[in-house]
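# Provide a 3D model corresponding to the input given below.
(one chain, ligands or ions: 3)
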Amino acid sequence: MPIELLSPAEMGEADRIAISHGPFDGYALMRNAGAAVAAEVLRRFSGEKHINVLCGPGNNGGDGYVVARLLREAGCAVRVIAEGPPREGTDAALAARDCPLEAGPLSAFEPDAGSLVIDALYGAGLTRPLDREAARVAAACRNACARVVAVDLPSGISGDSGRAVGEAFEAMLTVTFFRLKPGHLLEPGRASCGEIVVADIGLPETVLEQIAPRTLVNLPALWLATYPRPTRQQYKYSRGHVAVFSGGPGSTGAARLSALAAARSGAGAVTVYSPGNALAVNAAHLTSIMLRRVDDPDAVRDALAVRSPDAFVLGPGFGLDRPVREWALAVLKASAGGVVVLDADGITSFRDRPEALFEAAKSSPLDLILTPHEGEFARLFPDLAADDGLSKLEKARGAAARSGAVVIFKGPDTVIASADGRAAINFNGTPWLATAGSGDVLAGIVAGLAAQKMPPFDAACAAVWMHAEAARRFGPGLIAEDLPGLMPQVLREILAIDPAL
Ligand SMILES: NC(=O)C1=CN([C@@H]2O[C@H](COP(=O)(O)OP(=O)(O)OC[C@H]3O[C@@H](n4cnc5c(N)ncnc54)[C@H](O)[C@@H]3O)[C@@H](O)[C@H]2O)[C@@H](O)CC1
Ligand SMILES: Nc1ncnc2c1ncn2[C@@H]1O[C@H](COP(=O)(O)OP(=O)(O)O)[C@@H](O)[C@H]1O
Ligand SMILES: [K+]
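Numbers count the residues shown, from 1 in each chain. Ligands and ions are numbered 1, 2, ... in the order given. Coordinates of the predicted model:
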């Protein structure tokens with residue numbers, strides 16, 4: 001799967017650049033696109049007798065006329081249903097002219113139960129909710145359990161945000177062209193696409209040099225080059241030392257999950273900083289992980305003066321009954337450098353004064369990584385969270401720019417954003433991760449990789465991918481305790497991938 005994501009506008013630009021350089025003109029690209037869809041349909045549904053092709057008035061509809069013609073030529077009984085004729089002089093008008101089938105009106109279309117429907121109504125050009133008839137057909141297809149193959153995107157889904165702009169089709173297969181769009185990966189777009197195929201339609205890779213996309217799919221190719229590999233000269237502390245702050249005696253488990261995950265991700269040494277009253281319970285459950293008494297923000301400074309870790313995790317299970325903010329600010333001020341992963345209570349503690357965190361982070365030698373889920377995100381960035389005009393991608397980017405942090409905006413479609421404008425959308429998430437404590441593990445993996453000097457954005461992306469990959473392998477019955485133990489096999493496979501690939 002290609003790593004770059006293109007917004008619909010960037011895709012249009014790619015199209016224009018490619019057409020101006022040849023050899024394919026717009027209609028040739030449309031024929032290639034239609035041929036790619038028809039091939040996927042024939043591969044999956046070769047015995048299908050009746051196929052309905054819904055064609056819109058733009059180029060998405062143009063692709064539909066090509067698909068209809070090719071399926072007809074392959075011997076299928078095809079019905080074309082059009083939402084109005086294509087505009088004169090467009091590529092779609094050429095495609096409609098070359099299609100031998102007469103189009104029936106959308107208003108008369110009623111899908112049979114389980115029928116096969118090619119949705120070529122709207123793709124990248126969708127700018128407003130589906131009109132009444134198109135919306136009715138989308139709902140009718142869902143009610144009839146029609147098997148929908150979407151051309152480029154399920155109609156009604158925004159390619160920029162993945163949002164359903166009103167009613168939308170739900171596809172079992174989506175065939176898109178050249179590169180994925182954010183709307184294929186952001187929910188609910190991701191769920192509406194079903195299986196996704198990215199087809200080559202003849203656009204040269206060189207068009208990307210001019211577009212220089214800043215949004216990427218979170219795949220190993222994105223961060224493999226900086227993935228930590230131990231060297232012969234290293235010893236435990238130079239491999240990376242992580243400190244995890246523990247909560248009080250009733251809530252120590254979260255910190256231990258983070259600590260174990262950091263160690264399993266390759267950090268050479270991990271220390272739990274524990275309040276005195278929780279030392280005994282932590283000691284009873286830790287073996288290779290070290291333990292140090294740290295009772296208050298002053299003690300943080302003392303601990304760092306003895307040995308300053310390369311990465312910190314602050315927040316999981318920490319508790320809001322202690323002045324978490326003071327602890328976080330003490331770390332940001334006292335540390336000589338490295339990374340602090342602020343999660344859970346660490347994030348929530350700044351809900352009244354997020355700017356205090358952002359200012360401290362900007363003047364700290366430490367890099368800040370924030371790992372909010374949706375609720376935590378709204379506490380630090382209430383205006384971004386409430387702005388329905390912004391996609392999850394734009395919200396994460398805005399949050400990173402404002403805070404100067406790498407932001408891991410968690411969920412089924414986790415977005416990782418950096419203050420320099422780069423962003424990645426995760427693709428291998430699984431609902432098995434929706435289990436208490438899995439976020440604590442993620443924070444630990446991020447810290448474990450960052451402590452090994454992986455750049456913060458890369459460490460965040462790699463951690464999100466590894467975390468999801470481990471969960472997918474385990475599947476049903478997963479609890480957070482299982483995740484650290486799954487890291488070795490995920491690590492082994494990552495290290496076996498040739499970085500030159
Ligand atoms: N960009 C590319 O490289 C290629 C694009 N192709 C196809 O072209 C499509 C994009 O074509 P268009 O830009 O013509 O866009 P669409 O065909 O998606 O939409 C057509 C026009 O309908 C209008 N419209 C938007 N939302 C509407 C709504 N809800 N109800 C009624 N009208 C609405 C808009 O004016 C829009 O330009 C892609 O999705 C893809 O299928 C392919 O032909 C191959 C090459
Ligand atoms: N439905 C889902 N699909 C994929 N990933 C999910 C889903 N729900 C949660 N996750 C992931 O699980 C983790 C949960 O983290 P978090 O909400 O902080 O939980 P906790 O605080 O219990 O540890 C995050 O990495 C999130 O992206
Ligand atoms: K479509």
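
# and this protein, what are its domains?
As assigned by automatic domain parsing, the chain contains the domains 8-213, 250-496.

# need those in CSV with mean pLDDT and mean neighbour count, can you?
Placement of C-beta: from N, CA and C, glycine included. Conversion of those to CSV gives the following (pLDDT from 0 to 100; neighbours: other CB atoms under 10 Å):
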stretch, mean pLDDT, mean neighbour count
domain 8-213, 96, 20
domain 250-496, 96, 21
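
# can you redo the ones you listed as CSV with distance to ligand 1?
As requested, the domains of the chain are arranged in CSV below (distance: least, CB to the nearest ligand atom, whole Å):
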stretch, distance to ligand 1
domain 8-213, 2
domain 250-496, 17
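
# and those: which comes nearest ligand 3?
Nearest to ligand 3, of all the domains of the chain, is domain 8-213, at 4.3 Å by CB to the ion.

# quick one on the thing from earlier: nearest to ligand 2, of the domains of the chain?
Closest to ligand 2 of the domains of the chain is domain 250-496 (CB to the nearest ligand atom; 2.1 Å).

# for the domains of the chain, give me JSON lines that also has distance to residue 227.
Formatted as JSON lines, the domains of the chain follow (distance: least, CB to CB, whole Å):
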{"stretch": "domain 8-213", "distance to residue 227": "22"}
{"stretch": "domain 250-496", "distance to residue 227": "6"}
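
# check contacts around the nearest residue to residue 486 once chain neighbours are set aside.
Nearest residue to residue 486, sequence neighbours excluded (CB to CB, 6 or more residues apart in numbering): residue 470, at 3.7 Å. For residue 470, the set of contacting residues under the criterion of CB atoms under 8 Å, 6 or more residues apart in numbering consists of 482, 483, 486, 487, 490.

# could you rerun that using 10 Å?
Under the criterion of CB atoms under 10 Å, 6 or more residues apart in numbering, the contact list for residue 470 reads 261, 264, 430, 432-433, 438, 441, 445, 478, 482-491.

# secondary structure element holding it?
Secondary structure here is read from DSSP states H and E; on that basis residue 470 sits in helix 456-474.

# helix or strand next in line after that helix, which one?
Beyond helix 456-474 in the direction of the C-terminus, DSSP H and E gives the next helix or strand as helix 482-496.

# so which of the domains of the chain gets nearest residue 219?
Closest to residue 219 of the domains of the chain, according to CB to CB: domain 250-496, at 7.0 Å.

# what parts of the stretch 101-250 of the chain come near ligand 3?
Counting by CB under 5 Å from the ion, the stretch 101-250 of the chain comes close to ligand 3 at 119, 123, 150, 151, 155.

# and those as a markdown table, adding secondary structure and distance to residue 368?
Output for those, formatted as a markdown table (DSSP: H, G, I helix; E, B strand; the rest coil; distance: CB to CB, whole Å):
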| residue | secondary structure | distance to residue 368 |
| --- | --- | --- |
| 119 | strand | 43 |
| 123 | coil | 39 |
| 150 | strand | 40 |
| 151 | strand | 43 |
| 155 | coil | 41 |
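
# so which of those comes closest to residue 139?
Distances from these to residue 139 were compared by CB to CB; the smallest belongs to residue 155, at 12.1 Å.

# now do the same contact list for that closest one.
Applying CB under 10 Å, 6+ apart, one finds that residue 155 lies in contact with 54, 56, 60, 83, 119-123, 126, 130, 134-135, 137-138, 148, 165, 167-169, 171, 192.

# mind checking which of the residues you listed land in strands?
Using DSSP state E, the subset of the contacts of residue 155 located in strands is 54, 119, 120, 148.

# and the residue nearest to residue 486, how far is that from residue 463?
11 Å (CB to CB, to the nearest Å).

# joint contacts of those two?
Taking CB under 10 Å, 6+ apart as the contact rule, residue 470 and residue 463 both touch 261, 441, 445.

# need phi/psi at the closest residue to the first one other than its chain neighbours.
To tie it back to what came earlier, the one meant is residue 261. Using CB to CB, 6+ apart and skipping the chain neighbours, the partner closest in space to residue 261 is residue 444 (3.1 Å). The phi and psi torsions at residue 444 (degrees, to the nearest 10) take the values phi -70, psi -40.

# contacting residues for residue 444?
Contact partners of residue 444, counting by CB under 10 Å, 6+ apart, are 242, 244, 254-265, 267, 270, 311, 313, 316, 341, 343, 463, 467, 483-484, 487.

# using PDB, write out every CA atom in the helix or strand where residue 399 lies.
For residue 399, the element it lies in under DSSP H and E is helix 392-403. Output for helix 392-403, consisting of C-alpha atoms alone and laid out as PDB, is shown next (Å, rounded to 0.1, in the frame of the first residue of the first chain):
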ATOM      1  CA  LYS A 392      -9.900  14.600  13.100                       C
ATOM      2  CA  LEU A 393      -6.700  15.100  11.000                       C
ATOM      3  CA  GLU A 394      -7.100  18.900  11.100                       C
ATOM      4  CA  LYS A 395      -7.800  18.800  14.800                       C
ATOM      5  CA  ALA A 396      -4.700  16.800  15.600                       C
ATOM      6  CA  ARG A 397      -2.600  19.100  13.400                       C
ATOM      7  CA  GLY A 398      -4.000  22.200  15.100                       C
ATOM      8  CA  ALA A 399      -3.300  20.700  18.500                       C
ATOM      9  CA  ALA A 400       0.300  19.900  17.600                       C
ATOM     10  CA  ALA A 401       0.900  23.400  16.200                       C
ATOM     11  CA  ARG A 402      -0.500  25.000  19.200                       C
ATOM     12  CA  SER A 403       1.200  22.900  21.900                       C
END
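
# do that helix and ligand 2 meet at all?
No. Using CB under 6 Å from any ligand atom, helix 392-403 stays clear of ligand 2, with a minimum separation of 11.7 Å.

# so that helix versus helix 456-474, what angle?
Helix 392-403 runs at 140 degrees relative to helix 456-474, counting by axes from the mean of the first three to the mean of the last three CA atoms, to 10 degrees.

# gap between helix 392-403 and the chain center?
Here helix 392-403 shows a centroid-to-chain-centroid distance of 14 Å under the convention CA atoms, centre = their mean, to the nearest Å.

# so what are the sheet partners of the next helix or strand after that helix and their directions?
Remark: after helix 392-403, the chain's next helix or strand is strand 406-409, criterion DSSP H and E. In the sheet containing strand 406-409, its partner strands are strand 366-370 (parallel), strand 415-417 (antiparallel), by DSSP bridges.
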